[in-house]
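J.: only geometry, no sequence info:
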């Protein structure tokens, strides 16, 4: 499935923009669709064959079926290798990234560490910056306006904003969801009973401690969570003046033009639970009883770069503007999002050959908002993202009704997209 076509959904808006850009992938998808209500679902084999035929049958495309151990010398070039990025190409990219950032090291921490490989013994020295990752450890993201502010509270641990801690700093950028013992035990029980996504053969369940699924941590004992990501030390619930039994922390994921966040990340809550069970467990958290999940949590094998350090919003590599990155490798999540970045990278590569400046899209469009996230997110906490309305700048006026608000965001996005098409830059 390539998700919903309805303009009430973020994926529908992204499709509308991709059609406006002349997406060949969507053309092939629509030609091979199968009934799926409002979703664009395709016959997988026919769709794959149609895309392959379009490439191999094109008179100006030469297909070379071989490993690419390093970036070729030809320019411009688009790197869209995603999870198929080999060890040799990964090493070549890491060296280029290190040179671009002026770092003395050329091998980032964890470069060879894929999901299923035990983590090395920690070094007492600070870890080298990571530019290239081989696994995802993603926590759920919730919509800011779906959080119950009468229950959550912003507070620093011990009244300070800078006390470093493993699972979050407890500063002003964090919201705290306080739990009683009964609420904590019910939440832990939901994690333990939840059904998990199965792993593929190459994804053995050996996790780095830093990306241990929250349900795995819950299995370690009744108190493991509240001594880890849910520890309440240094915090007091303003409703009672006492320290909660446990706390779930929410970290700002972005800032709108008015400085207010539209998305919050559940700190340390990466998970392999199926989506329905994630939603059930999350709705047991005080303050999140009716929270809207914008991105579900996951832990799976992947390859992606730290785009905020490395890419422009045109998908050009800072270290070599004639090199573009696209697809899953950039840090987008999903077939549709990967195709959208590939579409823009292709357009910009052509513009470069025509001696035109590469272009980006307004941040009020869904593709433009994705690009803004890729290039402006905090590199220290950067994780792959899918299209969602929380990425878009808020409206000038507050609209409480979610459906009405989303439709207004879509209207603004399409109007700005059409205006941009008249003079893309």
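T.: Okay, I see it. The structure displayed is predicted, hence computed values, not measured ones.
J.: Do I have it right that residue 92 meets residue 70?
T.: Yes. Between residue 92 and residue 70 there is a contact under CB atoms under 8 Å: 4.0 Å. C-beta coordinates here come from the backbone N, C-alpha and C atoms, glycine included.
J.: the more surrounded of these two?
T.: Ranked by neighbour count (other CB atoms under 10 Å), residue 92 and residue 70 place residue 92 first, with 16 against 12.
J.: Which strand or helix spans that one?
T.: Using DSSP states H and E, residue 92 falls within helix 87-101.
J.: helices or strands next to that helix in the packing?
T.: Helices and strands touching helix 87-101, by 3 or more CB pairs under 8 Å, 6 or more residues apart in numbering; DSSP states H and E, are strand 132-138, strand 298-305, helix 307-310.
J.: In CSV: the ones you listed, plus mean pLDDT and mean neighbour count.
T.: As requested, these are exported to CSV (pLDDT from 0 to 100; neighbours: other CB atoms under 10 Å):
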stretch, mean pLDDT, mean neighbour count
strand 132-138, 69, 21
strand 298-305, 80, 21
helix 307-310, 95, 21
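J.: so what's residue 265 bridging to?
T.: residue 141, residue 251 (DSSP bridges).
J.: Buried ones in stretch 19-28, by neighbour count?
T.: By neighbour count on 16 or more other CB atoms under 10 Å, the buried set for stretch 19-28 is 21, 23-26, 28.
J.: Then residue 47 would be within a strand, right?
T.: No. Using DSSP: H, G, I helix; E, B strand; the rest coil, the assignment for residue 47 is helix, not a strand.
J.: Quick one: neighbours of it, just the number.
T.: Using other CB under 10 Å, residue 47 has 20 neighbouring residues.
J.: Could I get the contacting residues of residue 138?
T.: By CB atoms under 8 Å, 6 or more residues apart in numbering, the contact list for residue 138 reads 270, 295, 297-299, 333, 383-384.
J.: which stretches of the stretch 51-200 of the chain have low pLDDT?
T.: 103-130, 132-136, 156-173, 199-200 (pLDDT under 70).
J.: Any chance of CSV for the helices and strands packed on helix 87-101, columns distance to residue 86?
T.: Below are the helices and strands packed on helix 87-101 laid out as CSV (distance: least, CB to CB, whole Å):
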stretch, distance to residue 86
strand 132-138, 12
strand 298-305, 10
helix 307-310, 19
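J.: Quick one, which of those gets closest to residue 101.
T.: The closest of these to residue 101 is helix 307-310. By CB to CB, the value is 6.4 Å.
J.: What is the subsequent helix or strand relative to that closest one?
T.: In the C-terminal direction, the helix or strand that comes right after helix 307-310 (DSSP H and E) is strand 316-317.
J.: For the helix or strand that that next one is followed by, list every residue counted as buried.
T.: Following strand 316-317 in sequence order, the next helix or strand is strand 320-325 (DSSP H and E). Residues of strand 320-325 classed as buried: 323-325 (neighbour count, 16+ other CB under 10 Å).
J.: Highest neighbour count among the contacts of residue 138?
T.: Neighbour tally across the contacts of residue 138 (other CB under 10 Å): the maximum, 26 neighbours, falls on residue 299.
J.: could you pull out the strands for the stretch 1-150 of the chain?
T.: Here the stretch 1-150 of the chain has its strands, by DSSP state E, counting those that start in this stretch, at 33-34, 41-42, 77-79, 132-138, 141-143.
J.: Identify whichever of those strands lies nearest to residue 359.
T.: The closest of the strands of the stretch 1-150 of the chain to residue 359 is strand 77-79. By CB to CB, the value is 15.3 Å.
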